[in-house]
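J.: Sequence and predicted structure below; questions after.
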Amino acid sequence: MTGVHHDLKAHDPDLVDAPLPVEQSFCAFRDFCHRYRDDIVTILQTRIVQIRDVPHAILP
């Protein structure tokens, strides 16, 4: 999310001091993916991508 100003940042504890609950992040995540689809596809096709573990807060 470097250089991107999007509501999704508000849910990431690595980016803000008081993050919003991750359980409420789906709409922002979906919008981010739609808005930056082409950039995301390019990254996935051209780089080795490391993902973080799924946060415990969203596990059943």
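T.: Perfect, I can see it now. Numbers count the residues shown, from 1 in each chain.

J.: Now Ala28. Its backbone dihedrals?
T.: Phi and psi for Ala28, reported as degrees, to the nearest 10, are phi -70, psi -40.

J.: Also Pro19?
T.: Dihedral pair for Pro19: phi -70, psi 150, per degrees, to the nearest 10.

J.: got a list of what it touches?
T.: Residues near Pro19 by Cβ atoms under 8 Å, 6 or more residues apart in numbering: 10-13. (Each C-beta comes from the backbone N, C-alpha and C, glycine too.)

J.: Try it again at 10 Å.
T.: Neighbouring residues of Pro19 by Cβ atoms under 10 Å, 6 or more residues apart in numbering: 9-13, 25.

J.: quick one: the helices in this protein?
T.: Here the chain has its helices, by DSSP state H, at 26-35, 37-46.

J.: pLDDT value on the nearest residue to Phe29 once chain neighbours are set aside, please?
T.: Distances taken as Cβ to Cβ, 6 or more residues apart in numbering place Leu8 nearest to Phe29, at 5.8 Å, with adjacent residues excluded. We have a pLDDT of 92 for Leu8.

J.: And for Pro60?
T.: pLDDT, Pro60: 49.

J.: do the same with Pro19
T.: pLDDT for Pro19: 94.

J.: And for it, nearest residue in space, chain neighbours not counted?
T.: Per Cβ to Cβ, 6+ apart, closest to Pro19 is Pro13, 4.5 Å.

J.: Tell me if I'm right that that neighbour and Val22 touch.
T.: Yes: judged on Cβ atoms under 10 Å, Pro13 makes contact with Val22 at a distance of 8.7 Å.

J.: Does anything pack onto the helix or strand of the chain with the lowest mean pLDDT? Which helices or strands?
T.: When the helices and strands of the chain are compared on mean pLDDT, DSSP states H and E, helix 37-46 comes out lowest with a mean of 91. Contact here means 3 or more Cβ pairs under 10 Å, 6 or more residues apart in numbering; DSSP states H and E; on that basis helix 37-46 packs against helix 26-35.
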